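Peer 1: when you get a sec, could you give me coordinates for this:
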Amino acid sequence: MASINDADAVECFTNMLEEIRTKLISQVVGMVDTETDLHYSHRQSVKAGFESCLKKCKDETLFETIEVYEKNLAQRSAILKEKSRELPEVISETEEKILIKESLLQKIDRLKKEQSKHKDLIVAQNKANKDRLKNLHKMKQVFQDCLKVEIRKIQGEKLQFVFRNLDHSDPESAYTFMLQINEEGAYQIESCSPPLECMPQLEQRLKETNNFSAFLANVRKEFKALIPEK
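Peer 2: Next comes the predicted model:
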């Protein structure tokens, strides 16, 4: 009976020890879990703090970037406003220069056409003048026989008319005038020897009538009138 009781006591003691062991293990495990939780919590707190600091740094850099951007934007806006105020004046000046350029080009084109036309007219007129002088020169024999005048061709498309036999006391005495046809195709007296006061009137009448034979006859008459009667 005593041996049974001892066995029960041993078992009872053993169970008590097992309970104590189990409680101790539970307490130790709990402490470990608590320490683990605390460690994890600390890590999370440090991580959150680091992220907060990083975000704050990023936010400060972002604010600085925004400030710089806003400053640049304000400067560009001011420049654009200034250029906007100058734009109408620039456009006006540009349009004015374009109009001046177009006007000059039109004038140049008109002058070129006029010059070409004038050149053609001069060429045609020169040809006509040469033909008229040539015809006058061809008629020199007729004039010489009828009016006793000699016609000489002078360099520069000019003709010299020499009257003789006007003064019976000096038949070889020469009375001359020089004539050319100008660019307008009109007769023009270059010189007269001896001078005749009425030569401008005779020249004008020649331009109006184009009667050269009558002009020569009148010139001869005026030269003869200069000779003193004896």
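Peer 1: can you find the helix or strand of the protein with the lowest average pLDDT?
Peer 2: The least trusted helix or strand in the chain, going by mean pLDDT, DSSP states H and E, turns out to be helix 140-147, with a mean of 67.
Peer 1: isn't residue 202 right up against residue 219?
Peer 2: Yes. Residue 202 is within contact range of residue 219, at 6.2 Å (criterion: Cβ atoms under 8 Å). For the C-beta atoms, the positions are set from N, CA and C on the backbone; glycine is no exception.
Peer 1: can you check which residues contact both of those two?
Peer 2: Residues touching both residue 202 and residue 219 comprise residue 196, with contact defined as Cβ atoms under 8 Å, 6 or more residues apart in numbering.
Peer 1: tell me the neighbouring strands of the next helix-or-strand element following the least confident helix or strand of the chain, and mark each as parallel or antiparallel.
Peer 2: Using DSSP states H and E, the helix or strand that directly follows helix 140-147 along the chain is strand 149-154. Here strand 149-154 has these sheet partners by DSSP bridges: strand 158-163 (antiparallel).
Peer 1: just the CA atoms of the partner strand, as CSV, please.
Peer 2: Extracted C-alpha coordinates of strand 158-163, given in CSV (Å, rounded to 0.1, in the frame of the first residue of the first chain):
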residue,chain,number,x,y,z
LYS,A,158,27.0,117.3,-138.1
LEU,A,159,26.8,119.3,-141.3
GLN,A,160,28.5,122.5,-142.1
PHE,A,161,26.9,124.8,-144.7
VAL,A,162,29.3,127.2,-146.5
PHE,A,163,27.9,130.1,-148.6
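Peer 1: buried ones in that strand, by neighbour count?
Peer 2: The neighbour-count check on strand 158-163 (16 or more other Cβ atoms under 10 Å) flags 158, 159, 160, 161, 162, 163 as buried.
Peer 1: same deal with stretch 165-174?
Peer 2: 166, 167.
Peer 1: next one, pLDDT for residue 186 please.
Peer 2: Each residue has a pLDDT score; the one for residue 186 is 86.
Peer 1: to clarify, my last question referred to residue 135.
Peer 2: pLDDT, residue 135: 66.
Peer 1: and residue 223, how many neighbours?
Peer 2: 22 (other Cβ atoms under 10 Å).
Peer 1: tell me where this protein has helices.
Peer 2: 2-138, 140-147, 199-209, 212-225 (DSSP state H).
Peer 1: picking that back up, pick the one among the buried residues of strand 158-163 closest to residue 211.
Peer 2: residue 161 (15.3 Å; Cβ to Cβ).
Peer 1: nearest residue to the middle of the protein?
Peer 2: Nearest to the geometric centre of the chain sits residue 101, at 7.0 Å (Cα atoms, centre = their mean).
Peer 1: measure that one to residue 206 for me?
Peer 2: According to Cβ to Cβ, to the nearest Å, residue 101 and residue 206 sit 49 Å apart.
Peer 1: one more: residue 189?
Peer 2: 9 Å.
Peer 1: who has more neighbours, the two?
Peer 2: The neighbour count for residue 189 versus residue 206, taken as other Cβ under 10 Å, is higher for residue 206 (21 against 17).
Peer 1: from what I can see that one touches residue 216, true?
Peer 2: No. Residue 206 is not in contact with residue 216 according to Cβ under 8 Å; the separation is 9.4 Å.
Peer 1: mind showing which ranges of the chain have poor pLDDT?
Peer 2: Low-confidence segments of the chain, defined by pLDDT under 70: 1-7, 24-42, 45-46, 49-50, 53-60, 62-63, 122, 125-143, 145-147, 230.
Peer 1: what do you get if the cut-off is 80, keeping everything else the same?
Peer 2: 1-67, 69-70, 81-87, 89-90, 93, 117-148, 156-157, 229-230 (pLDDT under 80).
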